[in-house]
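>>> this one's structure only:
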């Protein structure tokens, strides 16, 4: 690895490890959010350091032959496309659609740089969302909103039953 590519790799890692704060500095927010964003930044840094290099993961003997390597890439693309297509079908049919779509992306990521970048971005966003969801203030807010929604739904149901009563579908006169 040359010195130029090493410097470029460090630049990518430094950029990827910075959390998206929407232009607001952590010091302008509050102590709790500053701590939460530090945790997100540390998690992103640790994943950026552990990420393998971008590029083909085909066996060496396949990479040596241009024809064999292109054939390998076509095969990986077709298999990945079939898996992503099955996942897209599972979005409307029974099955774990998003899980299968991400599995297809992982298959593509074994060979294509664009899929590796998309997969890394997705992993980073999922990790950040998980850290944000575990924040006690966010959890408390979500619980309060859920309880308020359930109370409103119960009140609407009570008003409907009071106004129209409970009529079974087979008791139509």
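Ah, there it is. Please read these numbers as outputs of a predicted model, since none were measured by experiment. Numbers count the residues shown, from 1 in each chain.
>>> what about the chain, any weak spots by pLDDT?
1-52, 172-173 (pLDDT under 70).
>>> residue ranges of the helices in it, please?
3-16, 31-50, 60-64, 66-92, 97-109, 113-133, 136-164 (DSSP state H).
>>> can you redo these as CSV with mean neighbour count and distance to residue 170?
Any C-beta I mention is one placed from the backbone N, CA and C, and that applies to glycine too. Shown next, in CSV, are the helices of the chain (neighbours: other CB atoms under 10 Å; distance: least, CB to CB, whole Å):
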stretch, mean neighbour count, distance to residue 170
helix 3-16, 11, 61
helix 31-50, 15, 55
helix 60-64, 11, 67
helix 66-92, 14, 32
helix 97-109, 17, 37
helix 113-133, 14, 45
helix 136-164, 10, 17
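>>> Rebuild these as TSV, extending it with distance to residue 171.
Putting the helices of the chain into TSV (distance: least, CB to CB, whole Å) gives the following:
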stretch	distance to residue 171
helix 3-16	63
helix 31-50	55
helix 60-64	70
helix 66-92	35
helix 97-109	40
helix 113-133	46
helix 136-164	13
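>>> residues in contact with residue 56?
Residues near residue 56 by CB atoms under 8 Å, 6 or more residues apart in numbering: 63, 69, 73, 110, 111.
>>> Now render those as JSON lines, adding distance to residue 132.
Shown next, in JSON lines, are those (distance: CB to CB, whole Å):
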{"residue": "63", "distance to residue 132": "40"}
{"residue": "69", "distance to residue 132": "41"}
{"residue": "73", "distance to residue 132": "37"}
{"residue": "110", "distance to residue 132": "30"}
{"residue": "111", "distance to residue 132": "32"}
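>>> Residue 144: which of those is nearest?
Nearest to residue 144 among the contacts of residue 56, counting by CB to CB, is residue 110 at 44.2 Å.
>>> Let me see the contact set for the closest one.
Counted by CB under 8 Å, 6+ apart, residue 110 has contacts 56, 57, 58, 76.
>>> Dihedrals phi and psi, it?
Backbone torsions of residue 110, given as degrees, to the nearest 10, read phi -70, psi -20.
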